Each structure stands twice: as C-alpha cells, then as structure tokens.
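> Mind looking at a prediction? Sequence and model below.
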Amino acid sequence: MAFYPTDKIALFIDGANLYAAAKSLNLDLDYRKLLEEFQKRGILIRAYYYTAIAEDQDYSPIRPLVDWLDYNGFTVVTKPAREYTDAAGRKRLRGDMDIEIAVDVLAMAAHADHVVLFSGDGDFRRLVEAVQAKGVRVTVVSTMKSQPAMASDDLRRQADTFVDLQDLASIIGRPRGASAMPRFLQPAQDEDDEV
C-alpha cells in the first residue's frame, strides 16, 4: 500500500462485506490492530464502521462488537435491519449501508488525501471514481483469494490500489478464538450474525 507519512487517511468499513470476506478466508480480525496499522501509515482522521442491527431482537450478536468499536476509536454508523423471508422460507435480515457509506466518503473527500474502503461491492465503483476526481487516492481492501472471490473486478480496476485481505492477515488478523475485545464482550460467531 502506498501511503505517505503526511497522508490524511479515512477508513470506511462495510461491516457485512468485510465480515463475509474474512469468514471466507477463515480469518478473525483484530480491529485494534487494524486501527493501529493505519495510524502508523499516516494521519488517521477517521475510521468508520457500518452495519445494520436487528433492533427488535432481545439480543443482537453484533451489538457487543459495535459497542466495543464505538468506545475504541471508530465512528459507528448503524441502522435497523429489515427482516424478510427468502425463497426457502427462512427468515433473514437485510441492511444495506451503501448510501450511508457513499455519503460519508464524499463528505470526507474534502478532508482526506487517502480513502481506504473495506468492501468488494462493485456498486462502489462510481463512488471511487468520483472521489478520485477530487484528487483523493483510494485503496480497496477485499479478497480475490476466496471461493467465490469477494471483490468486484470493476471496483478493483477503479481503485488506485487493491489490497487482498489475505495479505493483511498477519498484520490485522488474530488467532482463532483470540480477541481484541474482553471475552465477555465478544459476539457469538454465526454465519448470519453480520447483516
């Protein structure tokens, strides 16, 4: 990743997308290490984390993570997840944060030299192009090393730099079962936890 010590850096983490990418690589992320890594690479002005939360449930497995991130240097943006029934008749949650991410990236572009987008969602290709037109460099972090690949080819091509999440594993990963959060705050691990 090409960063300069004077770069003003802003991180934008699509929580559901990053969770899916990490899970596909069998990787546990250490968000404390992630923050520290980008603080070393320049002047970190903001780290956003986006996720939808099931508000009508007594317990949301993502809530402890969201609370921990909020108290440990991240700006957390949430909205209520919507419940729907899939084709097999199972209840699922949906919570698309694309608009929230796009609005914040465009607003922050006036203050940042380098935007790091943790998402492989091809819908962000046009956003990346618009931010680049303002003179901001964009790094996209996702993975091509999973089956299927989690990063859109169009998004990878548009970004100034693409970094495969697997290549960051030794820097921002943690041993399975270890946590940057105290154990009592760790969310349950289930494939439908992150929406």
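Structure received.

> give me the number of residues near Val136?
Neighbour count for Val136, taken as other C-beta atoms under 10 Å: 21. For glycine as for every other residue, the C-beta is placed from the backbone atoms N, C-alpha and C.

> Find me whatever residue is spatially closest to it, sequence neighbours aside.
In this structure, Val136 finds its nearest non-sequential neighbour in Ala109, 5.0 Å apart by C-beta to C-beta, 6 or more residues apart in numbering.

> what's near enough to touch the one you found?
By C-beta atoms under 8 Å, 6 or more residues apart in numbering, Ala109 lies in contact with Val115, Val131, Lys134, Val136.

> now Gly122
By C-beta under 8 Å, 6+ apart, the neighbours of Gly122 are Ser152, Asp153, Asp154, Leu155.

> now the last one: how far from Val138?
So the one you mean is Leu155. Computed as C-beta to C-beta, to the nearest Å, the Leu155 to Val138 distance reads 10 Å.

> Parallel or antiparallel, list what pairs with the helix or strand bottoming out on mean pLDDT in the chain.
When the helices and strands of the chain are scored by mean pLDDT, DSSP states H and E, strand 91-94 comes last with a mean of 73. Take DSSP bridges as the rule and strand 91-94 pairs in its sheet with strand 82-85 (antiparallel).

> For the helix or strand where Ala169 lies, which residues meet the burial criterion?
For Ala169, the element it lies in under DSSP states H and E is helix 169-172. For helix 169-172, the neighbour count (16 or more other C-beta atoms under 10 Å) marks Ala169, Ile172 as buried.

> What residues sit buried inside whichever strand in the chain runs longest?
The longest strand of the chain (DSSP state E) is strand 43-53. Across strand 43-53, burial judged by 16+ other C-beta under 10 Å covers Leu44, Arg46, Ala47, Tyr48, Tyr49, Tyr50, Thr51, Ala52, Ile53.

> what's near enough to touch the fourth one?
Meaning Tyr48. With C-beta under 8 Å, 6+ apart, Tyr48 has these contacts: Ala10, Leu11, Phe12, Ile13, Phe74, Thr75, Val76, Val77, Ile101, Asp104.

> I appreciate the help and will end here.
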